[in-house]
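Undergrad: could you work out the structure for the sequence below:
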Amino acid sequence: MVRWFERPIRRRPDRWTFQGRVLFLTEDPTLIRRQLEGVDLVWNPSIKLRDDISTDEITPANICYYYDERIADFVYTGLRAGGEFPIRPGEVRRGGFVASVSGKRRGKGSSREHSPFAEMNAGIQVVLAENIERIYNQNCQNLGLLTSTNFDLIEDIRQGRPIPLAAFTEGTDPITRQVIEYGGLFGFNVARFQGLAHVPPVQTPRRPMTLAEKIIARHMRVDAVRDVVGVPAVRPGDAGFIVADWRFSHEYVTPMAAIYLERLVGPDARVTDPDSILCFRDHLTYLDLVMPEAKRKMGLLDLAYELKVRQEEFCQKQGIRLHGELSDRRGSEAICHSIMLETYALPGQVVVGTDSHTTHIGAIGCFAFGIGTTDIFNAWITRDVRIRVPETVLVRIEGSQPRGVTAKDIVLAILRHPFVKSGQAIGKVIEFDGETVRAMSVDERATLTNMTAEIGGFTGIVAPDEKTVEFLVERRGMARSAAERLCEGLFSDPDAEYAEVLTFRADELRPLVALPGDPGNGIFIDELPGEVWVDIAYGGSCTGGKVEDMDMYALVLYEALEQGRRVHPRVQFYIQFGSQEVRRYCERRGYLKIFQDAGAILLEPSCGACINAGPGASTSPDQVTISAQNRNFPGRSGPGQVYLASPLTVAASAVAGRVTEYRPLHVECVERFLHSRSE
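TA: Residues are numbered from 1 along each chain as shown. The predicted model follows:
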């Protein structure tokens, strides 16, 4: 019997010829329709391409219930152009397209590998864009889908002229180059085990390093056979494999990764070190309450249930801990990022998960980042994750936060900064520091690191300090001495090198909202052109379902009740816990009664509304939602318009019935609330 690493493997040819059409994803829906009807566009820069195409648009969330080749029929069906959705199921696959072209920030948002998988199965062999998000780009490379930012290739593709494979490997590190040359990550690993592909050793001499670089250096694999780990130093551009302390996945990804494992390694293949692997049923536990009848008739609910069953079977077979559904009520034990921060991850560790918001965990000084299906499948076997050391951007936030300004407001201000809007933060570590950050709780820091995914960063990280120690002692029950030892040495050297330093003044900020369509559409609430009436207020998701977020919802509703007010009659206000630990905290504090008396609707943990798979998602285009979640891409949470805001703003808007900032009317009331918390 031939073992997986003994099978024949071939390198791609040095020159590559494409036979097919080029699809330009433009802002003009008419141009897209014409291409689907058979008209070939000739590229010129006057054609306005769609920017900021998210993976939600490439493969809408409910399409990801498919985890096989059938998903090809639905590629780009979530793409919005000119207020329309011009692409219908099956059209791209039938159109004979081999290349897909778009503008800036291609593949932003969710880390789902379903997107390039769907593109490949629809016939797309090349993706071209002005710049490409890190996780999406790596997923493409891992699967064998070629990517480039060189628009000079467009005419060569159209004319069927041979293109050097080097055109797609130019500027990549040696490992990525070989992954592309061998047709994907698995092919590279087969070649590596046969001695045909090589991982160059990291030879960077000792140097001042950032916190992220220090953690990477500690975890860099030196010798896989002898299990040697750790190098003296790394610098941006160094490439290799780092050993992950934790690897986790959820039901959207586990089944597809399990198929890879069984098909490529063998039906009896076992994962390595199952005690450091976790799985979660946290995305689809409320789906049956919100799925329209038309989609049920398509069999999507049945497919979603298959994901649950397939993950359970895999975990049982492999001896992996599964945080699943609650046995006595709806919902799940926890959202994966929430419980990883609350229970598992420790400062200085490397944590990888199949979700872009794995960055959440960087709030306690972890190097935590999202990976795709192929990466997690590889990590199950080796514990290794491929990495090219990213540059770091230092984001300094200085000054005292004005009353009513939260971490969410700060990150919305960061997202609208030209450096971020232009895509210059893509693929970089975002290190948060400054007087404001050092005064923040771990929960508020997690809002910053969580939404590093929206910034486009590789990950977000905050150096552990006394606040981190307090978190580990109070929330984990850890001995203070042990917590302090974990944090020792976890800081950036004073003369570490940064790609950019951005400084923000918290004391110059006011509460913001992000206008519908993109988290980068931040505007001060008092600058809204008119009143925005609200139908749905949503307090939850991994971003807005933490302990301190619950404090904010409770404060606003407590004050409203003191004034004889409740949630506005026209508004449905959902409060969803990020984990059962958060729910228990609310029980201890008496928040459940405050929430219920004020008219809020309580939900158990789930990613639900944030991915249009649970209560809190809109059901019609005319509905307006104010949400504490992290994304408001078109269709992300239903067909309506989604404004992003802080928990304070969400709760205040739920009471007012319109988008409004929280302004405490009675200091005595706030003091009574704060006193009740301390008792």
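
Undergrad: look up how far residue 105 lies from the closest residue in space to residue 83 that isn't next to it in sequence.
TA: Excluding the flanking residues, the one nearest residue 83 by Cβ to Cβ, 6 or more residues apart in numbering is residue 29, at 8.0 Å. All C-beta spots, glycine's among them, are computed from the backbone N, C-alpha and C. Distance from residue 29 to residue 105, counting by Cβ to Cβ, to the nearest Å: 20 Å.

Undergrad: who's more crowded, the two?
TA: Neighbour count, other Cβ atoms under 10 Å: between residue 29 and residue 105, residue 105 has more, with 24 against 17.

Undergrad: let me see the contact set for that one.
TA: By Cβ atoms under 8 Å, 6 or more residues apart in numbering, residue 105 lies in contact with 51-53, 129, 131-133, 423, 426, 456.

Undergrad: pick the one among those residues closest to residue 593.
TA: Nearest to residue 593 among the contacts of residue 105 is residue 456, at 41.1 Å by Cβ to Cβ.

Undergrad: report the contact partners of the closest one.
TA: Contacts of residue 456 (Cβ under 8 Å, 6+ apart): 105, 108, 133-134, 420, 423, 425-427.

Undergrad: farthest-apart pair in the residues you listed, please.
TA: Taking Cβ to Cβ, the two most distant members of the contacts of residue 456 are 134 and 420; they sit 14.2 Å apart.

Undergrad: hmm, which helix or strand of this protein has the shakiest average pLDDT?
TA: The helix or strand of the chain with the poorest confidence is helix 667-678; it has a mean of 61 (mean pLDDT, DSSP states H and E).

Undergrad: what's the burial count for residue 637?
TA: By other Cβ under 10 Å, the burial measure for residue 637, its neighbour count, is 30.

Undergrad: then residue 476?
TA: 15.

Undergrad: need the phi and psi values for it.
TA: The phi/psi pair for residue 476 (degrees, to the nearest 10) reads phi -110, psi -10.

Undergrad: sec struct for the nearest residue to it once chain neighbours are set aside, please.
TA: Spatial nearest neighbour of residue 476, chain neighbours left out: residue 343 (7.5 Å); criterion: Cβ to Cβ, 6+ apart. Using DSSP: H, G, I helix; E, B strand; the rest coil, the structure places residue 343 in helix.

Undergrad: quick check: residue 343 vs residue 497, distance?
TA: 34 Å.

Undergrad: tell me the domain ranges of the chain?
TA: If you go by automatic domain parsing, the domain ranges for the chain are 18-161, 513-679.

Undergrad: dump these to JSON lines, plus distance to residue 279.
TA: As requested, the domains of the chain are arranged in JSON lines below (distance: least, Cβ to Cβ, whole Å):
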{"stretch": "domain 18-161", "distance to residue 279": "15"}
{"stretch": "domain 513-679", "distance to residue 279": "14"}
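
Undergrad: nearest to residue 10 among those domains would be which one?
TA: Distance to residue 10, taken as Cβ to Cβ, is lowest for domain 18-161 among the domains of the chain, at 12.5 Å.

Undergrad: now the end-to-end length of that closest one.
TA: Terminal residues of domain 18-161 lie 8 Å apart, using Cα to Cα, to the nearest Å.

Undergrad: what is the mean pLDDT for it?
TA: Across domain 18-161, pLDDT averages out at 93.

Undergrad: number of nearby residues for the nearest residue to residue 281 once chain neighbours are set aside?
TA: Excluding the flanking residues, the one nearest residue 281 by Cβ to Cβ, 6+ apart is residue 324, at 4.3 Å. Residues lying near residue 324 (other Cβ under 10 Å) number 18.

Undergrad: cool, and residue 485?
TA: Residues within reach of residue 485, counting by other Cβ under 10 Å, total 12.

Undergrad: what strand or helix carries it?
TA: helix 480-487 (DSSP states H and E).

Undergrad: quick one, what contacts residue 572?
TA: Neighbours of residue 572 in contact, by Cβ under 8 Å, 6+ apart: 535-537, 601, 616.

Undergrad: between these, which is nearest residue 139?
TA: residue 616 (28.3 Å).

Undergrad: can you check the distance spanned by stretch 583-596, start to finish?
TA: 14 Å.

Undergrad: okay, buried residues for that stretch please.
TA: Neighbour counts over stretch 583-596 (16 or more other Cβ atoms under 10 Å) mark 583, 585-586, 589, 591-592, 594-595 as buried.
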